[in-house]
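Colleague: sequence first, then the predicted structure, then my questions.
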Amino acid sequence: MIVVPGVKVGVMLESFRVPVKQALDLAVSVRATGFQAYVSGGELHPSKLAARDRQEFVKLVESKGLQIAAICGEVGGFGDPSRNADLVAQSKSFLELSVDLGVRIVTGHIGVIPEDDTSPVWSAIAEALEAIGRHGDSVGAVYACETGPEDPALMRRFIDELDTRSIKVNYDPANLVMLGFDPIGGVEHLGDLVVHTPAKDGVRHPDGRPEEVALGTGAVPFAEWVGALRAKGYDWYYTIEREVGDDPYADIETAAKFLATL
């Protein structure tokens, strides 16, 4: 396997749209050295993996020369307090799974943080994340909030007010571009909290319509993005994520080659 100096290239397993074991082989074939995987359902959900199964999966990953960059514990956000008891419990189980898998990073969307810090939605998200974060504090894992719906400066203010140090950031530059925010300026606000970053591209059309596009063909300034994160000390994976397109394998392979040049 070719190891790319500088940039660690990962891939979201689900982007291949095949079962997990097959996706691991495809990750190797595009010369990725790491991967992220969804655990909110499917083969890697905590309920499907007993302790021995978790150990066996780690051995399988290591046998292929791969690392787990992060796991995605997506529950849809925490803005509705009537749902949060269950969503927090799920998220805690994802943190425990991340410890067993040796990665200790769970990513997910948290909902849209309102600008008004007296909003009940602000309180609902904050209370949920504090509960999740305190569990992370106790087990030694972090929950990384995905960027996109709000200004990075607002996300920073929100996280800084939480009573836990285990809430971090999953920095998605394409989400920021597609929603009209500056992906490079955002690093200045959030860079020291970033524990994982998806490698994805997108554009925002003149009418405001967001569109994900193949990596390197959109509005994300990749060289500047990598440079900005490096300047903040980030040295973990850039994980290729391709949610649309007719030939995801070809798009991922092209993206991996592109990232290797940065």
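Modeller: Thanks, I have it. Computed from a predicted structure; not experimentally measured. Numbering: from 1, shown residues only.
Colleague: in the longest helix along the chain, what counts as buried?
Modeller: In the chain, with assignment by DSSP state H, the single longest helix is helix 120-139. For helix 120-139, the neighbour count (16 or more other C-beta atoms under 10 Å) marks 121-122, 124-126, 128-137 as buried. From N, CA and C alone the C-beta is placed, and that goes for glycine too.
Colleague: now do stretch 88-103
Modeller: So stretch 88-103, judged by 16+ other C-beta under 10 Å, has buried residues 88, 90-98, 100-101, 103.
Colleague: tell me which residues are up against that stretch.
Modeller: 39-40, 44, 46, 49, 51, 54-55, 57-58, 67-71, 73, 75, 78, 104-106, 108, 128, 131-132, 135-136, 139-141, 143 (C-beta atoms under 8 Å, 6 or more residues apart in numbering).
Colleague: let's see that with 7 Å instead.
Modeller: For stretch 88-103, contacts defined as C-beta atoms under 7 Å, 6 or more residues apart in numbering pick out 39, 46, 49, 54, 57-58, 68, 70-71, 73, 75, 104-106, 128, 131-132, 135-136, 139-141, 143.
Colleague: repeat for stretch 214-225
Modeller: For stretch 214-225, contacts defined as C-beta under 7 Å, 6+ apart pick out 173-174, 177, 183-184, 199-203, 240, 245, 251, 254-255, 258, 262.
Colleague: show me what counts as buried in stretch 171-191.
Modeller: 171-179, 181, 183, 186-187, 189-191.
Colleague: go through those residues and name the one nearest Val112.
Modeller: Val112 lies nearest to Leu179 out of the buried residues of stretch 171-191, by C-beta to C-beta, at 10.2 Å.
Colleague: test my guess that Val7 contacts Thr261.
Modeller: No - judged on C-beta atoms under 7 Å, Val7 makes no contact with Thr261 at a distance of 8.6 Å.
Colleague: neighbour count winner among those two?
Modeller: Val7 (18 against 11; other C-beta atoms under 10 Å).
Colleague: list the residues that contact that one.
Modeller: Val226, Tyr238, Leu259, Ala260, Leu262.
Colleague: buried subset of the residues you listed?
Modeller: Using 16+ other C-beta under 10 Å, the buried ones in the contacts of Val7 are Val226, Tyr238, Leu259, Leu262.
Colleague: the residues you listed in strands, which ones?
Modeller: Tyr238 (DSSP state E).
Colleague: sorry, back to before: between the buried residues of helix 120-139, which is nearest Asp160?
Modeller: Distance to Asp160 across the buried residues of helix 120-139 (C-beta to C-beta) is lowest for Ala126, with 11.3 Å.
Colleague: list the contacts of that closest one.
Modeller: Leu162.
Colleague: next: the one 3 residues further on.
Modeller: Under the criterion of C-beta under 7 Å, 6+ apart, the neighbours of Leu129 are Phe78, Ile110, Leu162, Ile167.
Colleague: what's the answer for Gly133, then?
Modeller: Here Gly133 is in contact with Tyr143, Leu162, Thr164, Ser166, Ile167 (C-beta under 7 Å, 6+ apart).
Colleague: which pair of the residues you listed spans the longest distance?
Modeller: Tyr143 and Leu162 (10.5 Å).
Colleague: between those two, which is the more surrounded one?
Modeller: Between Tyr143 and Leu162, counting by other C-beta under 10 Å, Tyr143 is the more crowded of the two (27 against 17).
Colleague: bridge partners for the more buried one, pull those for me.
Modeller: Under the criterion DSSP bridges, Tyr143 forms beta bridges with Val106, Ile167.
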